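J.: Let's see this in three dimensions:
(chains A, B and C)
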Amino acid sequence: MMGSLAVIWAIGRKDLLLEIRNKDVVVAVAGFALLVLVIFTFAIDLNQGNAELVGPGVLWAGIAFAGVTGLNRAFALEVEGSTLEALMLAPISRDLIYLGKALGNFLFIAVAQIIVIPVFAVLFNLVVFRWEMLAISLLTTIGFSAVGTLFAGMSVRVRAREVMLPLLFLPVVTPLLMAAVESTSHMVYGRSWSDMAQWLQLAVAFDVAFLVVSAFIFQHILED
Amino acid sequence: MPKMKFALALIIALTFSVAVAQTSSADHEPPISGIVVGVETDDSGNLTRFAVSDSTGAVNTFTIFDGTEYGLENQAGDRWVSTQGEEPSEAARRLRDHRERFAPITVTSENGTAFSVVEREEGKLETNLGYLFAVFAITWALFFAYVLYMGRKQRVLQHEIARLKCTIG
Amino acid sequence: MLNKVLDLLDPLLILSAALMGVALYLIFVWVPTETNQGAVQRILYFHVPVAWGSMMGIFVVSGSSFMYLWKKNEKWDRLAVASAEVGVIFGAMMLLSGMIWARPVWAVWWTGEAKLTTALILFFIYVAYLMFRAYFPPGTQRQRLAAIIGVIGAVDTPIIYFAANLWSQAHPPLVTGPAADAESALGSDLGTVLLASTLAFSFLFIYMVQTRYKIRKSEDDLVELKRASSASAMTGAN
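T.: Below is the predicted model of the structure:
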């Protein structure tokens, strides 16, 4: 058990070290998400009256789109260096490779959110520094990286990778996106935990289902 | 195959002709039944105007006066009967409730002023046959397009297979 | 000429054509017009069976994708792609007929309501499935990855359904299936027509999947033949 965790951490740490050196993915995700937020403030004619109504939707749409960009970038790096083949040669089981890659992607998207969410709070003038936000953000990011890692691994060898990943990723994460948006809007309206409990449960179910299924299925992606 | 294409063209042409023929003419003002699509109130929450979309999708806007009568049910089926003069804000609330539930109402009016606003009365059939026709025509057209696509694919493949078998044999 | 006629005499095709005739008679002549919605209500007899067909498509895609990953047998992959394609066609018919029904009855073409949202998202997932197959170079890897998307779609379906249900309830309650409640039981006339129509469309669905499966099979045969012919050309040159 300890051994598996060490392997997952080793793969995650490898991605993290690479990222600390060239800062490719986090900058892409955070930059893209910030731009989406800024563009939306013009597009929807943002004011005091509608910030609570549209804010959560804009925030999570921005993070979802930016997440796709980041996932594309993360796997493009693997392809450029042919490092995925190297990983496959290592004497470790495929589900651990998957979990390690998912951990890396989770960290990237999480770090990007640490930059994006404060800017969101300023632009939309909403109070978001609360425990609820932390919970929502963690659950959503786990789900994004679980599904995203699987699909990014699949799209690596597709002709139009940049198009294929969002087409696969976005419909599948829609329930998670709904949960994130709905519970965030409960939060900005100042409602209690019990109001958003159902949505948080849904997010937990989504995360568990996809982490387990993807870990099992990932061996079929890396085959041959 | 040309026959099928002809049939397809015929279906599409018919759809358009029926859609164009669906313009109804109204000489007097019959009661309008439909769904509430807009409710307007003044500052104290009293109903001032509302809009109803009828079964052909046309939107009618009605103003009201103190004598406008209401007979509207809530989701449980309890009927509320009153007039604009007595309960103008309750009227707005009821109509909003109908809008949210997509519950149909029937309005009698003259020159855009509503006299009575009641729960949809049953038994009046609407001339919305065009929608029914559109569904069958469009979806079957889509279906036949797919069948034609499959047929063509099949023929090309068989032709190719026969050719290759010849060259081998 | 005779061969062409014989080709058409597939028993499944005859069965579905006959049932379709019965269903059309029941829909347009036999069943009385519904009093609240008028003629448009007859769209239901088309919309529900087509939706049922697209649901069958999803079941077959996920089932055969799972079987492919397990058994690695080509025929499961063919079945998956055939039913995905037919399911997407049925799904498009479902979305279109639903929208045209909603316009006169709800006064909108579309609302962000639970069942509509679920149907649309599932439609997108299976469109993505087909696009992935179109973009990916042919071979066993494509079959394997496509099967994974099929399985993921199956895992996602109940979650999407549950999520969408937490939203509003403008759609008429489901008439059959796990989420139907006792109050929305249909009148007996309506039920009869719906049953006949659903049967007709089910057989049509099976027939179309079968045809698509055969085409897929001939595509594979063609690849085999091409390989054989290029091999014989090589030996001929020597």
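J.: Return the residues of chain C in contact with chain A.
T.: With the criterion set to C-beta under 8 Å from any C-beta of the partner chain, chain C comes near chain A through C:69, C:117, C:121-122, C:124-125, C:127-128, C:131-132, C:135-137, C:140-141, C:144-145, C:147-149, C:151-153, C:155-156, C:159-160, C:162-164, C:166-167. The C-beta positions use only the backbone N, C-alpha and C, and glycine is treated the same way.
J.: repeat that for 6 Å
T.: Residues of chain C lying close to chain A by C-beta under 6 Å from any C-beta of the partner chain are C:69, C:121, C:124-125, C:128, C:135-136, C:144-145, C:148, C:155-156, C:159-160, C:163.
J.: ok, the residues you listed vs B:Ala134, which is closest?
T.: Comparing these against B:Ala134 with C-beta to C-beta places C:Phe124 closest, at 24.0 Å.
J.: center of chain A - which residue?
T.: A:Phe144 (3.7 Å; C-alpha atoms, centre = their mean).
J.: Might you report the residue contacts of residue 213?
T.: Looking at chain A here, since you left the chain open. Shown in contact with A:Val213 (C-beta atoms under 6 Å, 6 or more residues apart in numbering or on different chains): C:Val155.
J.: Correction: the question concerned chain C.
T.: Counting by C-beta under 6 Å, 6+ apart, C:Tyr213 touches C:78, C:82.
J.: can you do 7 Å?
T.: With contact taken as C-beta atoms under 7 Å, 6 or more residues apart in numbering or on different chains, C:Tyr213 is in contact with C:78-79, C:82.
J.: Of the residues you listed, which is the nearest to C:Gln210?
T.: Looking across the contacts of C:Tyr213 and measuring by C-beta to C-beta, the closest to C:Gln210 is C:Ala82, at 7.8 Å.
J.: Show me what whichever strand or helix holds that closest one is packed against.
T.: In this structure, C:Ala82 sits in helix C:74-106 according to DSSP states H and E. Judged by 3 or more C-beta pairs under 7 Å, 6 or more residues apart in numbering or on different chains; DSSP states H and E, helix C:74-106 is in contact with helix B:129-168, helix C:44-71, helix C:114-135, helix C:140-165, helix C:188-237.
J.: report the angle between the axes of the longest one and helix B:129-168?
T.: Put simply, helix C:188-237 runs at 20 degrees to helix B:129-168, going by axes from the mean of the first three to the mean of the last three C-alpha atoms, to 10 degrees.
J.: Helix C:188-237 - what's its average pLDDT?
T.: In this model, helix C:188-237 has a mean pLDDT of 84.
J.: now swap in stretch B:41-59 and tell me
T.: Here the average pLDDT along stretch B:41-59 is 82.
J.: Could you report the neighbour count for B:Leu54?
T.: Rather than Leu, residue B:54 is Asp. 19 (other C-beta atoms under 10 Å in any protein chain shown).
J.: so who does it touch?
T.: For B:Asp54, the contacting residues are B:32-34, B:60, by C-beta under 7 Å, 6+ apart.
J.: got it, and C:Tyr129?
T.: Here C:Tyr129 is in contact with C:84, C:146, C:149-150, C:153 (criterion: C-beta under 7 Å, 6+ apart).
J.: With pLDDT as added columns, please give those in TSV.
T.: Formatted as TSV, the contacts of C:Tyr129 follow (pLDDT from 0 to 100):
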residue	pLDDT
C:Ala84	94
C:Ala146	90
C:Ile149	91
C:Gly150	91
C:Gly153	89
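J.: which among these gets closest to chain A?
T.: Using C-beta to the nearest C-beta, C:Ile149 is the member of the contacts of C:Tyr129 that sits closest to chain A, with 6.7 Å.
J.: Please verify my assumption that the closest one contacts C:Phe132.
T.: Yes. Between C:Ile149 and C:Phe132 there is a contact at 6.1 Å, judged by C-beta atoms under 7 Å.
J.: So the two - more neighbours on which side?
T.: More neighbours surround C:Ile149 than the other of C:Ile149 and C:Phe132, with 26 against 21 (other C-beta under 10 Å).
J.: Not counting its neighbours along the chain, what's nearest that one?
T.: Computed as C-beta to C-beta, 6 or more residues apart in numbering or on different chains, the closest residue to C:Ile149 that is not its neighbour in sequence is C:Tyr129, at 4.9 Å.
J.: just to revisit the earlier point, return the member of the contacts of B:Asp54 nearest to A:Thr83.
T.: Among those, and counting by C-beta to C-beta, the member closest to A:Thr83 is B:Gly34, at 62.8 Å.
J.: Secondary structure element holding B:Lys62?
T.: Quick fix: residue B:62 reads Phe, not Lys. Element membership for B:Phe62, per DSSP H and E: strand B:59-63.
J.: next one: phi and psi at B:Arg79?
T.: The phi and psi torsions at B:Arg79 (degrees, to the nearest 10) take the values phi -90, psi 140.
J.: Which residue is the nearest non-sequential neighbour of the residue nearest to the spatial centre of chain C?
T.: Closest residue to the average C-alpha location of chain C: C:Gly87 at 2.3 Å, with C-alpha atoms, centre = their mean. Of all residues not flanking C:Gly87 in the chain, C:Gly57 sits nearest, at 1.9 Å (C-beta to C-beta, 6+ apart).
J.: That neighbour: neighbouring residues, count only.
T.: Counted with other C-beta under 10 Å, C:Gly57 comes out at 25.
J.: per-residue pLDDT, the residue of chain A most remote from its centre?
T.: Most distant from the centre of chain A: A:Gly49, at 29.6 Å, with distances by C-alpha atoms, centre = their mean. With respect to pLDDT, A:Gly49 scores 77.
J.: which residues does B:Phe50 contact?
T.: By C-beta under 7 Å, 6+ apart, the neighbours of B:Phe50 are B:36, B:38-40, B:62, B:95.
J.: Buried residues of stretch A:144-157, list them for me.
T.: A:144-156 (16 or more other C-beta atoms under 10 Å in any protein chain shown).
J.: Quick one: distance of the longest strand along chain B to the chain centre.
T.: Assignment by DSSP state E gives strand B:32-41 as the longest strand of chain B. Distance of strand B:32-41 from the chain centroid (C-alpha atoms, centre = their mean, to the nearest Å) equals 14 Å.
J.: can you tell me if it touches chain C.
T.: Yes. Contact between strand B:32-41 and chain C, assessed by C-beta under 7 Å from any C-beta of the partner chain, occurs at B:34-35, B:37.
J.: Among those, find me the one that's closest to chain C.
T.: Nearest to chain C among the residues of strand B:32-41 next to chain C: B:Ile35, at 4.4 Å, using C-beta to the nearest C-beta.
J.: backbone phi and psi for the spatially closest residue to that closest one that is not a sequence neighbour, please?
T.: Spatial nearest neighbour of B:Ile35, chain neighbours left out: C:Ala107 (4.4 Å); criterion: C-beta to C-beta, 6+ apart. The phi/psi pair for C:Ala107 (degrees, to the nearest 10) reads phi 70, psi 10.
J.: what's the neighbour count on C:Ala107?
T.: 23.
J.: List the residues that contact it.
T.: B:34-35, B:37, B:53, B:57.
J.: Just name the closest of those to A:Phe124, please.
T.: Nearest member of these to A:Phe124, counting by C-beta to C-beta, is B:Val37, at 30.1 Å.
J.: show me the residues around residue 67 that make contact.
T.: Using chain A here. Contacts of A:Gly67 (C-beta under 7 Å, 6+ apart): A:29, A:109, A:144, A:148.
J.: if you could check chain C rather than the one you did, that'd help
T.: Contact analysis of C:Met67 by C-beta under 7 Å, 6+ apart lists C:Trp76.
J.: mind checking how far it is from chain B?
T.: 24 Å (C-beta to the nearest C-beta, to the nearest Å).
J.: residues from chain C in reach of chain B?
T.: So chain C meets chain B at C:33, C:35-36, C:38-40, C:42-43, C:46, C:89, C:92-93, C:96-97, C:100, C:103-104, C:106-107, C:170, C:211-212, C:215, C:218-219, C:221-222, C:225-226, C:228-229, C:232 (C-beta under 7 Å from any C-beta).
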